[in-house]
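Q: Got a predicted model here, sequence first, then my questions.
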Amino acid sequence: MSIFNRNQESTGHHSLLLFSQLTDEINRLWHHNGNQKRRKTDQLGADWQPEVDIEQKNNIYIVKADIPGVTPQDIKVTMMQGNLIIEGTRESSVEENKGGYNCVERTYGNFYRSLKLPDASDSAQVEAHCKNGVLEISVPVNPAAIQTKVEVMID
């Protein structure tokens, strides 16, 4: 959260903008390197994790991942031992601005996200579609794997 308006163009607010950017960078480094337990993404050399939503509708798990600027050819989706793995690369295109400076806030590089799905997931029937920067993955529920509720009598 920033308390500074990043859209100020007057010279008087230039130092506030620079301070805000410095604060954001320090916070990013603190959260990235300050954790005692390194995230699995860091260990695998990933630069960022896509944000995801997971829901169940009509016996289908639906995972939506925000991956703007990534083509379907640069995304790999796999299921392994009940884990849904989303990985790939977002390439950077650098523009040169000779009249001032550039500020790049979008994240580029490798991404990786692993999600443990319930045991009832049917990994053989996974489907994925990418449209408008959103990757949608459908994982059907395997009816044979659904556990039934068993009440246990206590003596």
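A: Cool, got the structure. Numbers count the residues shown, from 1 in each chain.
Q: where do the helices sit along this protein?
A: For the chain, applying DSSP state H gives helices covering 14-33, 40-43.
Q: Least reliable of those helices by average pLDDT, please.
A: Ranked by mean pLDDT, the helices of the chain end with helix 40-43 at the bottom, a mean of 46.
Q: out of everything not next to it in sequence, what's closest to Val68?
A: You called it Val, but residue 68 is Pro. Leaving aside its sequence neighbours, Pro68 sits nearest to Gly133 (C-beta to C-beta, 6 or more residues apart in numbering; 3.3 Å). From N, CA and C alone the C-beta is placed, and that goes for glycine too.
Q: ok, that neighbour to Asp119 distance?
A: From Gly133 across to Asp119, the span is 31 Å (C-beta to C-beta, to the nearest Å).
Q: got a list of contacts for stretch 77-92?
A: Applying C-beta atoms under 8 Å, 6 or more residues apart in numbering, the external contacts of stretch 77-92 come out as 46, 50, 52, 63, 65, 67, 69-70, 74-76, 104, 107-119, 121, 123, 126, 128, 135, 137, 139.
Q: try it again with 6 Å
A: By C-beta atoms under 6 Å, 6 or more residues apart in numbering, the residues outside stretch 77-92 that reach it are 65, 69-70, 74-76, 108, 110-117, 123, 126, 128.
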